[in-house]
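Trainee: Turn this into a structure:
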Amino acid sequence: MSDTLKIRNWEKWQSYRADRGQPPWIKIHREVMRNIEWVSLTDAQRGQLVAIWLLAADHNGVIPASPKIIKKLCHLDTEPDIKLFIINGFIDDATLTQEERQPVSPETETETETETETFDTFWRSYPKKVGKDSAQKSWKKLKPKIDDVLKALEWQKVSSDWIKENGQYIPNPSTYLNQGRWKDEPKNTVKTERGFVC
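Mentor: This is a model prediction of the structure:
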């Protein structure tokens, strides 16, 4: 690992003028919520990553390669797992080979392990936590694409049908899957300055 690391795609996502000095803010784009690597992180790891992005803003996307230094500069409780962030594509390290950048998984990863991981991502995102075993059976049978499901849940979780009466009308997870509800389209969607309101 080199002495410094670079946040991947920093120039693409952060578009402030360098002649104005250190930026008072960074951008976090909503599409990160559909990024499988992002949603697979723990809450603590996501918090660490945001703190690292804030640190990177001081030096145009460059951060020290030392987890110990990053912990101090970002005021973190624990040292961040930098290699995990590199493997998941959030940080670049030119010294790693292509093989080292691949996600760490057994060479004989089975389809069942992948299904379990994607189901767990769905389960964490779904607002109604009932009938997990039944939902998992439906997931294995239907094999929906996790990105499609997460994209649908993004608008469904704020839809009037799901919000009213404290979420009473949110379908059970297995019902949601068996009815293919991730294929639904938003109805009565109104665009506002901040985004979409259903």
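Trainee: Tell me, what's the model's pLDDT at the residue most central in space within the chain?
Mentor: For the chain, the residue nearest the mean C-alpha position is Trp38 (2.4 Å; C-alpha atoms, centre = their mean). Per-residue pLDDT puts Trp38 at 86.
Trainee: Find the nearest non-adjacent residue to it, please.
Mentor: Val32 (4.9 Å; C-beta to C-beta, 6 or more residues apart in numbering). For every residue, glycine as well, the C-beta is placed using N, CA and C.
Trainee: Give me the below-cutoff pLDDT ranges for this protein.
Mentor: 1-2, 15-23, 94-113, 188-198 (pLDDT under 70).
Trainee: sorry, back to before: go ahead and confirm the residue nearest to Trp38 touches Leu49.
Mentor: No: applying C-beta atoms under 8 Å as the test, Val32 and Leu49 come out as separate, 9.5 Å apart.
Trainee: Between these two, which is the more surrounded one?
Mentor: Leu49 (21 against 15; other C-beta atoms under 10 Å).
Trainee: which ones are touching that one?
Mentor: Residues near Leu49 by C-beta atoms under 8 Å, 6 or more residues apart in numbering: 41, 80, 85, 90.
Trainee: Lys132 too?
Mentor: Here Lys132 is in contact with 123, 173 (criterion: C-beta under 8 Å, 6+ apart).
Trainee: Can you tell me the SS state at Ile63?
Mentor: strand (DSSP: H, G, I helix; E, B strand; the rest coil).
Trainee: Next, work out how far apart it and Cys74 are.
Mentor: 9 Å (C-beta to C-beta, to the nearest Å).
Trainee: Can you tell me how far Ile170 is from Lys183?
Mentor: Counting by C-beta to C-beta, the separation of Ile170 from Lys183 is 17 Å.
Trainee: Which of the two has more residues huddled nearby?
Mentor: Taking other C-beta under 10 Å, Ile170 and Lys183 do not tie; Ile170 has more neighbours (20 against 10).
Trainee: before we move on, what SS does the more buried one have?
Mentor: Following three-state DSSP, we place Ile170 in the coil state.
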